[in-house]
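Asks: Okay, here's the prediction I keep looking at, along with the sequence it came from:
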Amino acid sequence: MLHNVTEVSAESLRDTIAARFPQGYRFITLTCVDGGATWELLYHFDRNYELSHVRVRVPKGAVVPSISGIYACAALVENEVQDLFGVTFEGLTVNYERRFMLAVEAPLAPMVRTPVAQAAARAGEMRM
Amino acid sequence: MIFPFLKTLFLSLRRGPATRRYPRVVRTPFPGTRGHLVNDAGKCIFCGVCARRCPAGALVVTRTPAHWTLDPYRCIVCGYCVEVCPKKSLRMEPWHRRESGGARGQG
Amino acid sequence: MGTVMALFFVVVVAPLVGLVLNGADRVVTARLQGRVGPPLLQPLYDLVKLWRKEPLVVNRVQIGYVYLHLAFMVMTLVLLALGGDMVLALFAHAFSALSLVIGASSVRSPFSRIGAQRKIMQMLAYEPVFILLVVGIYLRTGSFMASAVGRLDAPLIVSLPLVFLAYLVALEIKLEKSPFDVATSHHAHQELVKGVTLEYAGPYLALIEVAHFYETFLLLGIVAAFFVRQIWLGVGVALVVYAGAIVVDNVCARLRTTWMVRCLWTVPVMLAVCNIIWLYVRRTQGG
Amino acid sequence: MNNATTSTPRRTVIPFGPQHPVLPEPLHLRLVLEDEKVVEAQPAVGYIHRGIEKLAEVKDFQQNVFLLEHVCGICSFIHALAYCQGIEELMGVEVPARARYLRVVWSELNRLHSHLLWLGLLADAFGFESLFMQIWRARERVLDLEEQTAGARIMLSTCTIGGVRRDLSAEQVGQVLRGLDELEREFDMFVPVVIKDATVKERLCGVGVLTQRQAQELGAVGPVARASGIARDLRVTGYAAYGELGVNPVIETDGDCYARTLVRVRELYQSLLLLRKALRHMPDSPIAVAVKGKPEGEVVMRVEQPRGEVMYYLKANGTATLERVRVRTPTFANLPALLAILPGCELADVPVITLSIDPCVSCTER
């Protein structure tokens, strides 16, 4: 039931979205879905009440290019996804270092579904 | 006019306070208000439908021994249990619970 | 005997009158806002509560300034009540406000410091009015002694009507009422949490409250002094002025500090200056 | 603004929130000041993250109605509505006409009380306490109407998948209509003050200007966008019964705090109009249809909240629980706009500007 979905690869994500910015698309938000072995990122756009979406699937552990350089308002939601799912965004204009939505003592990547992935996210985060 | 609020100000003097001294003066709730949940134990068959449907997990029902318990601190007073109860033994009373357990009487 | 009575009056009775006035302020404000509000003696209950609390301080410096604040406030009142030098009273009063400012700046809280800066802006706004008031009284009586006011044949209001108007605006600032309640007040929580008094707690806050009671009495006493000889008329006018201040408090939004200084230096100060010039001209031509 | 954090002596850092008296929301702003001028504002949220999106994956899709209603403690009904409409679209449920009208009634009551709440808090922010009390007195009437019709003041819990859970009797409709007349008389007591009083205008006009271009690029929604001249109101798309009732977006063009206030004040009257229309023309029909089966597929549902567009993304897989529930609340979309307009303002204006986007941090974090 989702119409106007464009599937892109992680490499062409920035170009696709940069092309949308001058066309008057408003960035609504970014949704991350835990798809087992992959992250499914869905970028929602609106133009004249019409929705369109850009979907990108990346394997877990891969780095996703940030679109905050194109849509400045995307920085906050990318930080949120980084917090809740442990996805790493490359080139974030404002990086809260996984402390945007979550407190210092909060569990890391709490939205990740499988315990294995959660443990991996946690292990990757033990830098302090 | 320099102070357009002046008129309203003196009008509210005449209308009297809109607040009330709460624990001492309690407003009567409207009929149909969802105040707190009551179970008519005579009608209840302890089937546990309410406990399974409760969005907040506030109800615990056991068949043997026949027990129906409500955790008032978890209850969100949505009335969903009343809707799904097959025997209509549950109902919502308009008065809100007191701050620490026990249904409020009249005032 | 008169001196002892006057001393007793300003040291003991004045703060009680101030307390009741503040309580009445809260009741009237509540009613105007459509609330039930606290009982009349709520300021007393607050005071007792504060007094019993543990004396917590940020640093020892700030306590000293609380005592100075209160002491100089009382001194101002005593000086005026005993008919002393008005210029000295003016400075005592200014120093009382200044001690609050220094006390507030001695802590690290940014809210307290910005409150202190704003308090200075407030002083900048209202002090000229006070100075002009003293000058006006001097031109009228030919003396800087407060006792000279009592010997006048006609009340001050007759010769200083414009200064009186300017003083009413200054009063609104001194009582920390909207639109000028920028530094601290019972409700100035929106920008500065509690402003200058933020870092004071317990008994020390109680002392500041007591000083505020003295000040309420002092400020309204000056209003009454404009009508000296008809003292009951003066008291009546003072009460009306206080009620007016409360009403204005409730029909205005809070304005910015810069706006406050601009406002004060244009209309009220100019009014007062005109009054002084008129007095001066009349004096030189008459004498 | 690159070296803003290096401490030059004249700069003060003011922690605005997370527990600030003017803003009953746990939003923290780190304000860097020069004298009383803000040069930089950095937000921090996360004080009230409740993990509702995670919990929604555990509860079944019926229970989620009540859970998602608790995302926001102000516009609760509209959250439930957005979710229910999403599920209805997934399952192909046709909602009866009367239920669609009742949904408008409760949505608009929510909007009225939300706007009144905000207007009162704004009055408090510029230090006009008596105006604040007067506005909240009017808001109390709206809450009474909500309790009369839905049985609760805030958490209405009347929306359900396939319709609504309560009907209004003819007598209740009359009561609400009379209540609205009283409410309009209350409005007349404070609205002229809000839009005409000199001290209020001094505090609002020209403060925190957001240009139309900024509003578009930063993705501002709701009254914030409409005050900058963007005619975007999702009620125009005609969900529930808005299509039959007809909605024209309220627009102002100045983009300052005063324009944002005007938009909301005019929306109060628009809501009254919509409510009267909906109550007078409510058709007769059942109030709900039975919902059979389990949802499957993906859907994005957007509705207009008092604060702007709320977006629900739902992904279902044919079981009783949903795979993913994603909520993008309007405040989240308006935060970038807030950060853009704060620098350059005076400290005294920070509460006013912050409130002018009507922040609801609890729903921002979910």
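Replies: Great, that's in hand. Numbering: from 1, shown residues only, chains lettered A, B, ... in the order given.
Asks: make it CA atoms for all contacts and neighbour counts henceforth
Replies: Will do.
Asks: So in chain D, where's the weakest helix or strand by average pLDDT?
Replies: Ranking every helix and strand in chain D by mean pLDDT, DSSP states H and E puts strand D:11-16 at the bottom, with a mean of 77.
Asks: close to chain C, is whichever helix or strand comes after it?
Replies: Later in the chain than strand D:11-16, the nearest helix or strand by DSSP states H and E is strand D:28-34. No - judged by Cα under 8 Å from any Cα of the partner chain, strand D:28-34 makes no contact with chain C; its nearest approach is 10.1 Å.
Asks: So what's the gap between strand D:28-34 and the chain middle?
Replies: Relative to its parent chain, strand D:28-34 has a centroid offset of 26 Å by Cα atoms, centre = their mean, to the nearest Å.
Asks: Sheet partners, orientation included, of that strand?
Replies: Take DSSP bridges as the rule and strand D:28-34 pairs in its sheet with strand D:11-16 (antiparallel), strand D:37-44 (antiparallel).
Asks: Just give me how far the least confident helix or strand of chain D sits from the chain centre.
Replies: With Cα atoms, centre = their mean, you get 29 Å for strand D:11-16.
Asks: swap in stretch A:7-17?
Replies: 13 Å.
Asks: next one: stretch B:56-74
Replies: Stretch B:56-74 has its C-alpha centroid displaced from the chain centroid by 17 Å (Cα atoms, centre = their mean).
Asks: Of all the residues in it, which ones are buried?
Replies: Of all the residues in stretch B:56-74, those buried under the rule 16 or more other Cα atoms under 10 Å in any protein chain shown are B:56, B:58-61, B:68, B:70, B:72.
Asks: Just list the residues touching the residue in chain B that chain C sits nearest to, thanks.
Replies: Residue nearest to chain C within chain B: residue B:17 (4.1 Å; Cα to the nearest Cα). If you count contacts by Cα atoms under 8 Å, 6 or more residues apart in numbering or on different chains, residue B:17 has them with C:31, C:33-36.
Asks: ok, the closest residue to chain B within chain D - contacts?
Replies: Relative to chain B, the nearest point of chain D is residue D:151 (3.8 Å; Cα to the nearest Cα). Residues near residue D:151 by Cα under 8 Å, 6+ apart: B:30-34.
Asks: what's the answer for residue A:99, then?
Replies: Counting by Cα under 8 Å, 6+ apart, residue A:99 touches residue A:83.
Asks: part of a strand, is it?
Replies: No - assigned with DSSP: H, G, I helix; E, B strand; the rest coil, residue A:99 falls outside any strand and is coil.
Asks: Model confidence at it, what's the number?
Replies: Among the per-residue scores, residue A:99 holds a pLDDT of 73.
Asks: Find the nearest non-adjacent residue to residue B:80, please.
Replies: residue B:54 (6.8 Å; Cα to Cα, 6 or more residues apart in numbering or on different chains).
Asks: Pretty sure residue D:223 is one of the things residue D:307 touches, is it not?
Replies: Yes - taking Cα atoms under 8 Å as the definition, residue D:307 is a contact partner of residue D:223 at 6.5 Å.
Asks: So the two - more neighbours on which side?
Replies: residue D:223 (34 against 25; other Cα atoms under 10 Å in any protein chain shown).
Asks: Can I get the helix or strand hosting the more buried one in PDB, CA atoms only?
Replies: Assessed by DSSP H and E, residue D:223 sits inside helix D:222-227. Output in PDB follows, covering the C-alpha atoms of helix D:222-227 (Å, rounded to 0.1, in the frame of the first residue of the first chain):
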ATOM      1  CA  GLY D 222       1.600  23.000  11.200                       C
ATOM      2  CA  PRO D 223       1.000  26.500  12.600                       C
ATOM      3  CA  VAL D 224       4.800  27.300  12.400                       C
ATOM      4  CA  ALA D 225       4.800  26.700   8.600                       C
ATOM      5  CA  ARG D 226       1.400  28.300   8.100                       C
ATOM      6  CA  ALA D 227       2.600  31.500  10.000                       C
END
